[in-house]
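Enquirer: Okay, here's the prediction I keep looking at, along with the sequence it came from:
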Amino acid sequence: MVSVRSLGGTVAMTTAGPGRGAAPAVSASDLVDSVPALQDIARVDAVSVAGVPSASLEFRHLLDLKAELDSACTAGAKGAVVTQGTDTMEETAFLLDLLWDRPEPLVVTGAMRTADSVGADGPANLLAAVATAVDPAAAGRGCLVVMNDEIHAARTVHKAHTASVAAFVSPGAGPVGRVQEGWVLFHSTTRRTDAFDVPAGTEIARVALLRPGLADDTVLLKAAAGSYDGIVIEGMGGGHVSARWVEPLLAAAQQVPVVLASRTGAGTVLTRTYGYPGSEQQLLGAGLTPAGDLDGLKARILLALAISTSGSRDSVRRAFEQRAAPR
Ligand code: ASP
């Protein structure tokens, strides 16, 4: 048995008519029924838990979903598949990965084309996702994203195109496997770390993600320092900001945990290369936490969970050392 849970997204959308935009319309069981080949792979228990565009998903949707899938697996499901919108899939999959403490595969999928469009990719993606969720080689890998027959680790996957069915990539790492002729083929390992235990009712910390551009002022930075529980800076290059940002940034780091990521999209934040004002060495030396190979969106998720489940500066730093530092 595989548990399929639908949150909405393009995979569950149809276009109401000419000139009308796509909107959620397809239930989880309709989605499953549209792929008869699933019957050859597994028994499927399909439930719609939300019907929203993925930009409107909240942390609570994912926390509730994790608890429900946990129960489904305890009751005997061999794996779980989540269908949702692609716009925030790189974040939801990483959040689920940080929460998932079970060996059963947890696979997130969706579609770039609506369910009623010519060449809809949702059915093929669902088939590949269920094939992955029942494959023993997927066990113990945490949360995976299956799109366009490629299997991506949650910690690296990124939506890199607005419309292509091949929109999902893992910059600097590549997919960990692929689904081909019904086979699930892995060619890389998947990094696993301790899952976060988030007790029911925990309020998730508010973390601001800032991406300074050329000659940027510090208005947003100063506002964020007074209003959020934590800040992630997607710095330039290896993790740099302008000299103008140094003083307010270090002042912010006295108030709340600040994590330094890179806006380049691949590679690890530098730690010991540059020494000028605004360099990674100066910022890390003054107490910012390096995001390792996590981009800003994923660092924001990790920082939010780290603050919510502990709050101490040391445990936030340890959370990043354990889950993000290069290895
Ligand atoms: N706007 C849609 C969503 O994220 C896009 C998609 O599903 O591909 O819900």
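Expert: Ah, there it is.
Enquirer: tell me which element residue 82 is part of?
Expert: In the assignment (DSSP states H and E), residue 82 maps to strand 79-83.
Enquirer: mind listing what that strand pairs with, with the direction of each?
Expert: Note on strand 79-83: by DSSP bridges, its sheet partners are strand 2-8 (parallel), strand 106-109 (parallel).
Enquirer: So which of the ones you listed has the densest surroundings on average?
Expert: Among those, strand 106-109 has the highest mean neighbour count (mean count of other C-beta atoms under 10 Å), at a mean of 29. Quick note: C-beta positions are derived from backbone N, CA and C, even for glycine.
Enquirer: does any part of the helix or strand following it sit near the ligand?
Expert: In the C-terminal direction, the helix or strand that comes right after strand 106-109 (DSSP H and E) is helix 122-133. No: applying C-beta under 6 Å from any ligand atom, one finds helix 122-133 separated from the ligand by no less than 9.3 Å.
Enquirer: With stretch 72-91 instead?
Expert: Yes: counting by C-beta under 6 Å from any ligand atom, contacts between stretch 72-91 and the ligand involve 85, 86, 87.
Enquirer: now, which of those residues sits nearest the ligand?
Expert: Proximity of the residues of stretch 72-91 next to the ligand to the ligand (C-beta to the nearest ligand atom) peaks at residue 85, which lies at 2.0 Å.
Enquirer: how close does residue 217 sit to residue 244?
Expert: Applying C-beta to C-beta, to the nearest Å, the value for residue 217 to residue 244 is 8 Å.
Enquirer: neighbour count winner among these two?
Expert: Shown here are residue 217 and residue 244; by other C-beta atoms under 10 Å, residue 244 has more neighbours (16 against 12).
Enquirer: who touches the more buried one in this structure?
Expert: 217, 218 (C-beta atoms under 8 Å, 6 or more residues apart in numbering).
Enquirer: what does residue 67 give?
Expert: By C-beta under 8 Å, 6+ apart, the contact list for residue 67 reads residue 200.
Enquirer: same thing with residue 221?
Expert: Counting by C-beta under 8 Å, 6+ apart, residue 221 touches 210, 212, 231, 245, 248, 249, 252.
Enquirer: Could you export the residues you listed as a markdown table, including distance to residue 162 and secondary structure?
Expert: Listed next are the contacts of residue 221 as a markdown table, based on distance: C-beta to C-beta, whole Å; DSSP: H, G, I helix; E, B strand; the rest coil:
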| residue | distance to residue 162 | secondary structure |
| --- | --- | --- |
| 210 | 23 | strand |
| 212 | 24 | coil |
| 231 | 28 | strand |
| 245 | 30 | helix |
| 248 | 34 | helix |
| 249 | 32 | helix |
| 252 | 33 | helix |
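Enquirer: So which of these wins on neighbours?
Expert: Highest neighbour count within these: residue 249, with 27 neighbours (other C-beta under 10 Å).
Enquirer: So for residue 9, what pLDDT did the model give?
Expert: Per-residue pLDDT puts residue 9 at 97.
Enquirer: count of neighbours near it?
Expert: Around residue 9 there are 29 residues (other C-beta under 10 Å).
Enquirer: ditto for residue 257
Expert: Residue 257 has 26 neighbours, counted by other C-beta under 10 Å.
Enquirer: That one contacts residue 291, doesn't it?
Expert: No: here residue 257 lies out of contact with residue 291, judged by C-beta atoms under 8 Å, at a distance of 11.7 Å.
Enquirer: wait, is residue 232 part of a strand?
Expert: Yes: the assignment for residue 232 is a strand, going by DSSP: H, G, I helix; E, B strand; the rest coil.
Enquirer: For residue 312, give me the pLDDT.
Expert: According to the prediction, residue 312 has pLDDT 88.
Enquirer: typed the wrong thing, it's residue 235
Expert: So residue 235 comes in at 98 (pLDDT).
Enquirer: which bits of this protein sit near the ligand?
Expert: 9, 10, 53, 54, 85, 86, 87, 110, 112.
Enquirer: Which member of those is positioned nearest residue 297?
Expert: Using C-beta to C-beta, residue 87 comes nearest to residue 297 of the residues of the chain next to the ligand, at 11.3 Å.
Enquirer: I'd guessed that closest one sits against residue 55; true?
Expert: Yes: counting by C-beta under 8 Å, residue 87 touches residue 55, with 5.3 Å between them.
Enquirer: Pairing partners for the longest strand seen in the chain, with directions?
Expert: Ranked by residue count under DSSP state E, the longest strand found in the chain is strand 44-52. Its sheet considered, strand 44-52 pairs with strand 2-8 (parallel) by DSSP bridges.
Enquirer: and the angle for the strand it pairs with with helix 122-133?
Expert: Counting by axes from the mean of the first three to the mean of the last three C-alpha atoms, to 10 degrees, strand 2-8 lies at 140 degrees to helix 122-133.
Enquirer: thinking again about what came up before, out of the strands paired with strand 79-83, which comes closest to residue 134?
Expert: strand 2-8 (5.9 Å).
Enquirer: from the chain's centre, how far out does the closest one sit?
Expert: The chain centre lies 17 Å from the centre of strand 2-8; the measure is C-alpha atoms, centre = their mean, to the nearest Å.
Enquirer: Scan the residues of the chain next to the ligand and report the most crowded one.
Expert: residue 110 (31 neighbours).
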